[in-house]
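Engineer: kindly generate the corresponding structure for this input.
(2 chains)
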Amino acid sequence: MILDVNGITKTFGGLLAVNSVDLKVPDRSIVSVIGPNGAGKTTFFNMITGIYKPDKGSIVLGGRDLVGLRPDQVTAAGIARTFQNIRLFSAMTAEENILVGRHPRQKSSFVDALLRTRRFREDEAAARAKARELLDFVNLGRYRNEFATNLPYGDQRRLEIARALATDPKLVLLDEPAAGMNPRETEDLKALIRRIRDELGVTVVLIEHDMRLVMTLSEQITVLDYGTKIAEGLPHEVRNDARVMEAYLGRGAAAGEYGKEAR
Amino acid sequence: MELGIVAFVLTNVLVKGLLVGFVYAIIALGYTMVYGVLQLINFAHSEVFITGGVVGFEVFRILGPSPMNGYLKLAIALIAAMIVAGFLNVLIERLAYRPLRNAPRLVPLISAIGVSLVLQDVIRFLEGLAGRFNLVYVLPDVFTQRAFGVPVPFSTAIVPVQGKDVIVIVVAILMLVGLTYLVNYTRLGRAIRAVAQDRTTSGLMGIDANRIISLTFLIGGALGGVGGVLFGIFFSKVDPYAGTIPGIKAFTAAVLGGIGSIPGAVLGGLVLGLLENLIGVLNVFAQVPALGFLKSIGAEYKDIGAFIALILILIFRPAGLLGRNTTEKV
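Structural biologist: As a prediction, this is how the structure comes out:
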């Protein structure tokens, strides 16, 4: 297991947002967390990345407990993420966005930069080379000097993924990466997610509403509803789970069409 | 009206305006950078800046009798002022702003005003202990001679440019170039811009926002320190309360240029410097028959005029001259 989340719980005032959820993520796997809107998926991600501190439970990445670390420390430990709503640095170019992601892996200091030491120059050149490599990896090389905000929507999503990968993560959390994408962009995304795992060896955890994407890509699916885990397993197991259908469609709804058509 | 007089007056306005403008610009950067990362108007910056001026005064005073090269004295004064003002600014953030990070935005503003008053009296107290109340700069001779001792044609015939004027402009430009480089082409600069644009996301990119905020205060304070020394050199003296007016003007310059924007702060500083010097000489033109009313607008009106211009500009461009695109935000 690269990531072992054990019984994490988060309440906001009286609202139990995430209730004692476990998640075991095998190394180099692609797993998904699904559930209706408001099920607590993003809160779950926010706890893993250190934005919220869980009230209870542990989050262990490669043997190290991450609970209580700040987001930047979690990133340094090897977890990167993207966002449901794109949060690129819109006033920076595509390359600069990736260079920001490179920040925790760069070594040169403020003083190096002022004196333009050899360490600074080498560090900066290496970061730029890495940025170029990642832009090519997500097929955005032509946009290197374009402001992020000027990129087409689907490309912004892929730039966000490249920026997350720039932090050299062991595991990357993608929060609804296919949201708002057209079918062709979704196909490209699917291929990209596979390549992230196969070529870079990075484990992928997805939150996604596009069921076709989830079902074809995931090796394991965890279903949340009202902050609680209601099912877990292989795609076909989850698809046929009565509680999952109930959560999505309401009690008594027929099983028939669900799972063939997304949303 | 003689053309020669007009040329003389306008050249003088241009030179003086640029000099003062560069000093404002350097101070304005401290306001704009802090605003960029925290959306806080650091009203204590006027005292941070004048602290730099006081440190500069002390260095020149102590080194005054020594036969050391004047430029070396200047370098020591600038470095000492940068260090003291920079770390002072970091300390202020830690003690007065960070504990209030999640408070409503007015709260740290009040705290900033408090820090500003405290610093004024601390400086007054420390210098007062030694019996010094009027801090007149003891400048090396090279500074007060004509520029670099060379009779620049410009300096003799039209405007009396002294060595110190050249120093003010050269140092200011070096600082501006250095800052632009740092912000745009280095790891720290990218991190500062990232924190300014989106603190949460930059945290998830592995950037420790608190560290970057401290470094932003360090840089802003160090620039303020340089501004203080240049101010002291230019006006020949400082005092514990001398920071307030230029501080407000530099803040005005930052707003004029578009607060949060680095090029905006520089542009705002230069525009303000030129504008107030232009207004200061308007009465010269009272000799022109149609402009007789200008006679009563003396040099003392220059601040009022500058602020009226500011109001007008902000009515038509509320975001400031360069504030429209958040592209340059820092």
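
Engineer: let me know whether A:Arg194 touches A:Leu217 as I believe.
Structural biologist: Yes - shown here, A:Arg194 and A:Leu217 form a contact pair, counting by C-beta atoms under 8 Å, at 7.3 Å. Heads up, the C-betas are built off the backbone N, CA and C, glycines and all.

Engineer: could you check how far the residue sitting furthest away from the middle of chain B is from B:Lys295?
Structural biologist: No residue in chain B sits farther from the centre than B:Pro289, which is 38.2 Å out by C-alpha atoms, centre = their mean. As judged by C-beta to C-beta, to the nearest Å, B:Pro289 and B:Lys295 stand 12 Å apart.

Engineer: give me the phi and psi angles of A:Ser109.
Structural biologist: Main-chain dihedrals, A:Ser109, degrees, to the nearest 10: phi -100, psi 170.

Engineer: neighbours around the residue in chain A that chain B sits nearest to, how many?
Structural biologist: For chain A and chain B, the shortest gap (C-beta to the nearest C-beta) falls at A:Pro104, measuring 2.9 Å. Counted with other C-beta atoms under 10 Å in any protein chain shown, the neighbours of A:Pro104 add up to 20.

Engineer: so who does B:Val195 touch?
Structural biologist: By C-beta atoms under 8 Å, 6 or more residues apart in numbering or on different chains, B:Val195 lies in contact with B:37, B:202, B:207, B:209, B:212-213, B:216.

Engineer: so where's the chain shaky on pLDDT?
Structural biologist: Reading this off chain A. A:251-263 (pLDDT under 70).

Engineer: think we crossed wires, I meant chain B
Structural biologist: Counting by pLDDT under 70, chain B shows low-confidence ranges at B:1, B:146-160, B:324-330.

Engineer: interface residues of it facing chain A?
Structural biologist: Contact residues (C-beta under 8 Å from any C-beta of the partner chain) of chain B with chain A: B:178, B:182, B:185-191, B:193-194, B:197-198, B:200-209, B:215, B:325-329.

Engineer: returning to that earlier point: out of A:Arg194 and A:Leu217, which sits in the busier spot?
Structural biologist: Neighbour comparison, A:Arg194 and A:Leu217: the larger count goes to A:Leu217, with 22 against 14 (by other C-beta under 10 Å).

Engineer: ok, the more buried one touching A:Lys190?
Structural biologist: Yes - assessed by C-beta under 8 Å, A:Leu217 is found in contact with A:Lys190 at 5.9 Å.

Engineer: show me what contacts the residue nearest to A:Phe83 when sequence neighbours are not counted?
Structural biologist: Among residues not flanking A:Phe83 along the chain, A:Asp175 sits closest, at 5.5 Å (C-beta to C-beta, 6 or more residues apart in numbering or on different chains). Taking C-beta under 8 Å, 6+ apart, we find A:Asp175 in contact with A:41-42, A:45, A:81-84, A:207.

Engineer: for chain A, just list every one of the helices.
Structural biologist: Assigned by DSSP state H, the helices in chain A fall at A:41-48, A:71-77, A:94-102, A:110-115, A:118-137, A:153-165, A:183-200, A:211-217, A:235-239, A:242-249.

Engineer: most packed of those?
Structural biologist: Mean neighbours per residue, mean count of other C-beta atoms under 10 Å in any protein chain shown, is largest over the helices of chain A for helix A:94-102, with a mean of 27.

Engineer: so what touches that one?
Structural biologist: Here helix A:94-102 makes contact (C-beta under 8 Å, 6+ apart) with A:80, A:88-89, A:92, A:127-128, A:130-132, A:134-135, A:140, A:143-148, A:151, A:159, A:162-167, B:187, B:190-191, B:193-194, B:202, B:205-207.

Engineer: grab the nearest non-local neighbour of residue 20.
Structural biologist: Picking chain A for this. Computed as C-beta to C-beta, 6+ apart, the closest residue to A:Ser20 that is not its neighbour in sequence is A:Gly7, at 4.5 Å.

Engineer: correction: the question concerned chain B.
Structural biologist: In space, B:Val20 is closest to B:Gly273, 4.0 Å off (C-beta to C-beta, 6+ apart).

Engineer: check the gap between that neighbour and chain A for me.
Structural biologist: Using C-beta to the nearest C-beta, to the nearest Å, B:Gly273 is found at 27 Å from chain A.

Engineer: domain boundaries for chain A, per the record?
Structural biologist: Chain A breaks down into these domains under automatic domain parsing: A:1-78+A:169-263, A:89-152.

Engineer: quick revisit: quickly list what's touching both of A:Arg194 and A:Leu217.
Structural biologist: A:Ile30.

Engineer: much appreciated, bye for now.
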